[in-house]
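Colleague: Below are the sequence and a predicted model; questions follow.
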Amino acid sequence: MERTFVMIKPDGVRRGLVGRIISRLEDVGLKLVGIKILRADEELVREHYPDDPEWLEAVGKKTLTTYKDYGMDPLERIGTDDPVQIGRLVREKLVEFITSGPVVAMVWEGNHAIEVVRKLVGNTVPLFAQPGTIRGDLSADSPDLADREGRPVYNLVHASGDPEEAEREVRLWFRDEELCA
């Protein structure tokens, strides 16, 4: 049994998809053990998206791969091809986006909960997410559109990627007494 953190981002809340997203997680047998709706402050979101060179580089490399796949020149579009600098730019856009409206923070529990949630959520880029996933069924956003509009990709939800991240995020967003056994 594992616990994992899931956040419905402002785009999912704005579009009224909270119930549908929760239902998808419940439908596979996961148990909701913590939930709250809040307007996350900048400090909390900056802790959530770490200012860690390793994390920034990974995000930057992922962005560079996406730019390459779309035939976009990062120097022309954002003025750099340095993965860490790109990671910092992405982080700033994420902080601005997550603090732009209410989010629904949740903790889910179940057999292989982290992997199950990641599969249900689908590819980070909704355009590439498979039908049957939350992102594949409920969004069609893409990096090229997001880039043209100067914002992050609207992908509805965040889901922890591994056990260490899940533990860190659950502790960051919830106190022990806010979680049900």
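Modeller: Arrived safely. Numbering: from 1, shown residues only.
Colleague: now the helices: where do they sit in the chain?
Modeller: 10-14, 18-27, 42-48, 53-69, 74-78, 83-98, 113-121, 134-138, 143-149, 163-173 (DSSP state H).
Colleague: just so I know, which of these lies nearest Gly34?
Modeller: helix 163-173 (7.7 Å; C-beta to C-beta). Any C-beta I mention is one placed from the backbone N, CA and C, and that applies to glycine too.
Colleague: angle of the closest one against helix 53-69?
Modeller: 110 degrees (axes from the mean of the first three to the mean of the last three C-alpha atoms, to 10 degrees).
Colleague: helices or strands up against helix 163-173?
Modeller: strand 2-8, helix 42-48, strand 103-110, helix 113-121 (3 or more C-beta pairs under 8 Å, 6 or more residues apart in numbering; DSSP states H and E).
Colleague: what's the angle from it to strand 2-8?
Modeller: Computed by the same axes, to 10 degrees, the angle between helix 163-173 and strand 2-8 is 60 degrees.
Colleague: Can you tell me which of the helices and strands packed on helix 163-173 is nearest to Phe174?
Modeller: So among the helices and strands packed on helix 163-173, strand 103-110 is nearest, using C-beta to C-beta, at 5.9 Å.
Colleague: what bridges to the spatially most central residue of the chain?
Modeller: Nearest to the geometric centre of the chain sits His158, at 2.5 Å (C-alpha atoms, centre = their mean). Beta bridges link His158 to Met7, judged by DSSP bridges.
Colleague: which ones are touching it?
Modeller: Contact analysis of His158 by C-beta atoms under 8 Å, 6 or more residues apart in numbering lists Phe5, Val6, Met7, Lys9.
Colleague: And the last one, how close does it get to His48?
Modeller: What it means is Lys9. 11 Å (C-beta to C-beta, to the nearest Å).
Colleague: any residues in contact with both of those two?
Modeller: With C-beta under 8 Å, 6+ apart as the test, Lys9 and His48 both reach Ile98.
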